[in-house]
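Trainee: the following block contains a protein sequence and its predicted model.
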Amino acid sequence: MLHSKELRRKVDELLTRRDILCESADKLVSKRKKYESRHSAAIKAREILFHVAQDTQKSIEQNIGRIVSLALNAIFDEPYDFKIEFVKRRNKMECDLFLESNGEKMVPSDSVGGGVLDVISFSLRLAFVMLSQSRRILILDEPMKNLSRNYQPKAAEMIKMLSEKLGIQVIMTTHIPEFISSADKLFELK
């Protein structure tokens, strides 16, 4: 049998232990509430970022698609629509680029010649310059070198028109006579 002092000591010990556990539980509940609040804020922030990303992707799809399509249609008689699609693969967003012509969807590198690819490449660079916050300068080395000779006058005209309308300074090296004759300033290197 336990003596009353021993019993009292045991009860006090258990009460102290209970008080410590209650304090610890209160602290854990407080921490849990703080983490739940942070988690809720993170979920809301993720939702906002998701919607902003979707809006940005739609804007990129439309604006870049329009710029590249205009460039293609300024040069080629066959109508091309350049399309961009954002697709989730392997839990990451990827960007697919393709052309539509007469209702047919085509991967540019597999379906068209080097001249069309040169115009697409030029237009994508132009779109990048337009979207960037840097100075509007585009430096080109032998642009449109794969473009058929009969399309080069239209390409030179398009580059000059876009340069003027968009306020982009174009600096290029070229041997193509149509590009040389459309330049504002010439520097001949020998």
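Mentor: On my side now, so go ahead. Numbers count the residues shown, from 1 in each chain.

Trainee: counting neighbours, what do you get for R135?
Mentor: 8 (other Cβ atoms under 10 Å). Every residue, glycine included, has its C-beta placed from N, CA and C.

Trainee: got it, and V119?
Mentor: V119 has 29 nearby residues by other Cβ under 10 Å.

Trainee: contacts only, for it.
Mentor: V68, A71, L72, I75, F76, M144, L147, A155 (Cβ atoms under 8 Å, 6 or more residues apart in numbering).

Trainee: could you say what helices and strands the longest helix seen in the chain packs with?
Mentor: Counting by DSSP state H, the longest helix found in the chain is helix 4-75. On a contact count with 3 or more Cβ pairs under 8 Å, 6 or more residues apart in numbering; DSSP states H and E, helix 4-75 meets strand 81-89, strand 92-101, helix 114-131, helix 152-166.

Trainee: which of those sits closest to L189?
Mentor: Counting by Cβ to Cβ, L189 lies closest to helix 152-166 out of the helices and strands packed on helix 4-75; the figure is 19.5 Å.

Trainee: residue contacts, the closest residue to Q169 other than its chain neighbours?
Mentor: Spatial nearest neighbour of Q169, excluding adjacent residues (Cβ to Cβ, 6 or more residues apart in numbering): I137 at 4.8 Å. For I137, the contacting residues are V129, I168, Q169, V170, I171, by Cβ under 8 Å, 6+ apart.

Trainee: can you list contacts of the helix or strand harbouring the fourth one?
Mentor: Using DSSP states H and E, the element containing V170 is strand 169-173. Where contact means Cβ under 8 Å, 6+ apart, the residues beyond strand 169-173 that reach it are R136, I137, L138, I139, L140, D141, E142, P143, I159, S163, F179, A183.

Trainee: gap between it and the chain center?
Mentor: Distance of strand 169-173 from its chain centroid, counting by Cα atoms, centre = their mean, to the nearest Å, is 25 Å.

Trainee: rewinding a little: for PyMOL, write the select line for the buried members of the contacts of strand 169-173.
Mentor: Buried residues within those, by 16 or more other Cβ atoms under 10 Å, are selected in PyMOL with:
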select buried, resi 138+140+143+159+163+179
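
Trainee: can you list contacts of the least confident helix or strand in the chain by mean pLDDT?
Mentor: Sorting the helices and strands of the chain by mean pLDDT, DSSP states H and E puts helix 108-111 at the bottom, at a mean of 82. Residues outside helix 108-111 that contact it (Cβ under 8 Å, 6+ apart): L97, F98, L99, V116, L117, I120.

Trainee: check which residues of it are buried.
Mentor: P108.
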